[in-house]
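Colleague: take this sequence and fold it.
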Amino acid sequence: MTSTSPIILWFRRDLRLGDHPALTEACASGRPVVPLFIHDEVVAGQGAAPRFRLGLSVASLRDALAGKGSRLILRQGRALDVLRAIIKETGATTVYWSRLYDPDAKARDTDVKSALTDDGLEAKSFAGHLLFEPWSVETQTGGFYKVYTPMWKAVRDRDLPDTLPAPAQIPAPNRWPASDKLDDWQMGADMRRGHDVVLAHCTVGESAARHRLSAFMAHRIATYKTARDIPGVEGTSGLSENLTYGEISSLACWHAGQRALHDGKGDAEVFLRELVWREFAYHLIHHTPRIVSDNWREEWDAFPWNTDERRAEVLAWKQGRTGIRFVDAAMRELQVTGKMHNRGRMIVASYLTKHLMCHWKIGLAWFEDQLIDWDPANNALGWQWSAGSGPDATPYFRVFNPVTQLDKFDKDRDFVKAWLAEDYENPSKTALSFYNAIPLHWNLSPDDTYPDPVVTPEAGRKAALDAYQNRDF
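Modeller: Sure thing, here's the model as predicted:
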C-alpha cells in the first residue's frame with residue numbers, strides 16, 4: 001500500500017455524505033477516494049419498488065458527490081468481479097464499506113472480504129447502519145435479546161458518539177475509471193404504470209431527509225405518541241424511507257430525539273423506542289438469520305396455513321378488495337405511495353395471517369415487492385410478529401378486529417376517504433390515483449361496487465381460534 005494509492009469506497013445502503021464513518025476515514029487519509037456503487041446480485045434480487053427507490057437514492061448521491069468535486073462510479077455485475085476490475089483500473093489497494101446484517105448481504109460481504117484479503121488488499125468494513133452493532137448488545141447471561149423491552153432498557157441510556165460532518169472535500173484520483181449510465185440500468189422499469197404515481201410520494205436524498213427530520217422535531221414530535229397511531233393524519237416522522245437507504249443515519253435521528261426529550265417533549269421517548277425497535281430487528285436478523293425465511297418459533301412449522309398465492313382471497317387482499325375498509329384502504333395506500341402506515345401494516349398482516357389463515361411468507365413477499373421503504377429485518381420481524389410465529393410476538397390468539405380498529409383509529413373516516421373510491425360520489429384524488437397505479441389486467445374501476453367481505457371479522461376470528469385451539473404452542 002502506498003500513500004497515493006486510491007481507496008475504493010463501496011456505497012450500498014449508506015447513500016449520504018454526512019455521518020459516514022467509512023467516508024470520513026477515507027477522506028482523512030489524504031489518499032484519492034473512488035466512490036463506487038455496484039448493481040450487483042443483491043441489488044438485482046430486490047423487488048420492484050425497493051429497486052426503483054434505490055435508483056432514486058443513487059442518483060441523489062451521484063449529484064451530491066458531484067457538488068464536492070467527486071464522482072460516483074456505477075458498475076453492474078457480481079460484486080467481487082466489479083471490485084477486482086476497478087482495483088485493476090485504478091491501482092487501488094484498499095476497499096472500504098459500511099456493514100450490513102441481512103443474510104444475503106453478509107454472505108456477499110464475507111466472500112468479498114476473504115477474496116480481497118487473499119489478493120493482498122485491505123478490505124475494511126465500518127459501522128454506520130445502526131446505533132449499536134448487534135454483537136455489542138447482550139443479556140446479563142451473555143446471550144442475545146429475544147424480547148424487545150429488556151433490550152430497550154439495556155440500551156436507552158448508552159452514550160453514543162456525536163454525528164460526523166460531511167467532508168469538506170473528497171480527494172479525487174488523477175484519472176477516473178469509466179462509469180455506467182444510471183438510466184441504462186432501468187431500475188424503475190418493473191414499476192410499469194405505477195412508476196410516476198409512486199414517484200410523486202417519494203422524498204429522496206440526504207438534504208430532503210434532514211429537512212424531514214427537522215420538520216418532524218419542530219412540529220410533530222410533541223404529539224407523536226398519540227398521532228402516530230392515526231393513519232388519517234401526518235403524525236409520524238416518515239423517515240423509514242430515508243433510513244432504508246441510509247440517506248440519514250439512525251444516529252442523527254437518535255440525537256435529534258434526545259434533544260427533543262431534554263427540551264421537555266416527552267413523546268420523543270416513543271420515537272427513540274421506535275428507533276430501538278429497528279435495532280431489535282437487526283439484532284435478531286444477525287443472531288437468527290432464519291427469521292427472513294422460516295418460522296422463528298419452530299413449533300409453528302406444522303401449522304396449517306394456506307400457502308397457495310393463487311387463491312381468490314389472496315388476490316382480493318393484494319388488490320384492496322377484501323370488503324374490509326381498513327384493510328383495503330391500507331393496501332391501496334401501498335399501491336399509490338409505496339408505503340403503508342404502521343397501524344395499517346398491523347391490520348393487513350393480521351387479516352391475511354389470521355382471518356384468511358394465509359402464510360406470512362405471502363405477505364412478506366408482497367411487501368418486499370411493493371414497499372419503497374422495504375427493509376429486510378423490519379419486514380421479517382413485522383410479519384412474524386403479526387402472525388405469532390416470531391420473537392416478542394403478539395400472542396397468537398390475539399386477532400385484531402379491523403372494524404373496531406377503524407372505529408378507534410379512523411373515527412371520522414379520513415383515512416378511508418383518502419383511499420377508497422367506491423363509497424363516495426366525488427372520490428379523492430388519492431383514491432382515484434390507485435387506478436392509475438395498478439396493473440391493467442386487474443381490470444378495476446372506481447365505478448365498481450364495493451365488495452362484500454371475503455371473510456367477516458367474526459368468522460375469521462372464529463376460524464383462527466379454532467385452528468389454534470389444538471395446536472401445541
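
Colleague: okay, CA-based contacts and neighbour counts for the rest of this
Modeller: Noted.

Colleague: and stretch 318-337, how far out from the chain middle?
Modeller: Relative to its parent chain, stretch 318-337 has a centroid offset of 20 Å by Cα atoms, centre = their mean, to the nearest Å.

Colleague: next one: stretch 358-370
Modeller: With Cα atoms, centre = their mean, you get 14 Å for stretch 358-370.

Colleague: can you check stretch 373-393 too?
Modeller: Centre to centre, stretch against its chain (Cα atoms, centre = their mean), the figure for stretch 373-393 is 12 Å.

Colleague: where does the stretch 251-400 of the chain dip in pLDDT?
Modeller: 393-396 (pLDDT under 70).

Colleague: can you map out the helices along it?
Modeller: For the stretch 251-400 of the chain, the helices defined by DSSP state H, counting those that start in this stretch occupy 268-287, 312-319, 325-337, 342-350, 360-370, 376-387.

Colleague: looking at these, which is closest to Ser70?
Modeller: helix 376-387 (30.8 Å; Cα to Cα).

Colleague: who are the neighbours of the closest one, in terms of helices and strands?
Modeller: Judged by 3 or more Cα pairs under 8 Å, 6 or more residues apart in numbering; DSSP states H and E, the packing partners of helix 376-387 are helix 268-287, helix 342-350, helix 360-370.

Colleague: next, the angle from the second one to helix 360-370.
Modeller: Think helix 342-350. 140 degrees (axes from the mean of the first three to the mean of the last three Cα atoms, to 10 degrees).

Colleague: what lies in contact with helix 342-350?
Modeller: 229-231, 326-327, 330-331, 360, 363, 382-383, 386-387, 399-400, 402 (Cα atoms under 8 Å, 6 or more residues apart in numbering).

Colleague: give the buried residues for that helix.
Modeller: 343-350 (16 or more other Cα atoms under 10 Å).

Colleague: about what we covered before: so which of the helices of the stretch 251-400 of the chain comes closest to Pro103?
Modeller: Taking Cα to Cα, helix 268-287 is the member of those nearest to Pro103, at 7.7 Å.

Colleague: list the buried ones in the closest one?
Modeller: Buried positions in helix 268-287, judged by neighbour count with 16+ other Cα under 10 Å: 268-273, 275-287.

Colleague: again with stretch 427-445
Modeller: Residues 427, 430-438 are the ones in stretch 427-445 that count as buried (16+ other Cα under 10 Å).

Colleague: now tell me what touches that stretch from outside.
Modeller: Under Cα under 8 Å, 6+ apart, the answer for stretch 427-445 is 193-195, 197-198, 319, 332-333, 335-336, 417-421, 446.

Colleague: if we go to 6 Å?
Modeller: By Cα atoms under 6 Å, 6 or more residues apart in numbering, the surrounding residues in contact with stretch 427-445 are 193-194, 336, 418-421.

Colleague: average pLDDT across stretch 36-47?
Modeller: Summarised as a single mean, pLDDT over stretch 36-47 is 97.

Colleague: can you show me the CA trace of it as PDB?
Modeller: In PDB, the C-alpha atoms belonging to stretch 36-47 read as follows (Å, rounded to 0.1, in the frame of the first residue of the first chain):
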ATOM      1  CA  LEU A  36     -18.500   3.200  -6.200                       C
ATOM      2  CA  PHE A  37     -22.000   1.800  -6.400                       C
ATOM      3  CA  ILE A  38     -22.500  -1.700  -7.800                       C
ATOM      4  CA  HIS A  39     -25.700  -3.000  -9.200                       C
ATOM      5  CA  ASP A  40     -24.800  -6.500  -8.100                       C
ATOM      6  CA  GLU A  41     -26.500  -9.800  -7.300                       C
ATOM      7  CA  VAL A  42     -28.100  -8.400  -4.100                       C
ATOM      8  CA  VAL A  43     -29.500  -5.300  -5.800                       C
ATOM      9  CA  ALA A  44     -30.800  -7.400  -8.700                       C
ATOM     10  CA  GLY A  45     -32.700  -9.600  -6.300                       C
ATOM     11  CA  GLN A  46     -34.700  -6.800  -4.800                       C
ATOM     12  CA  GLY A  47     -38.400  -6.300  -5.600                       C
END
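
Colleague: which of the helices and strands packed on helix 376-387 sits closest to Val147?
Modeller: Across the helices and strands packed on helix 376-387, closest to Val147 is helix 268-287 (Cα to Cα), at 8.5 Å.
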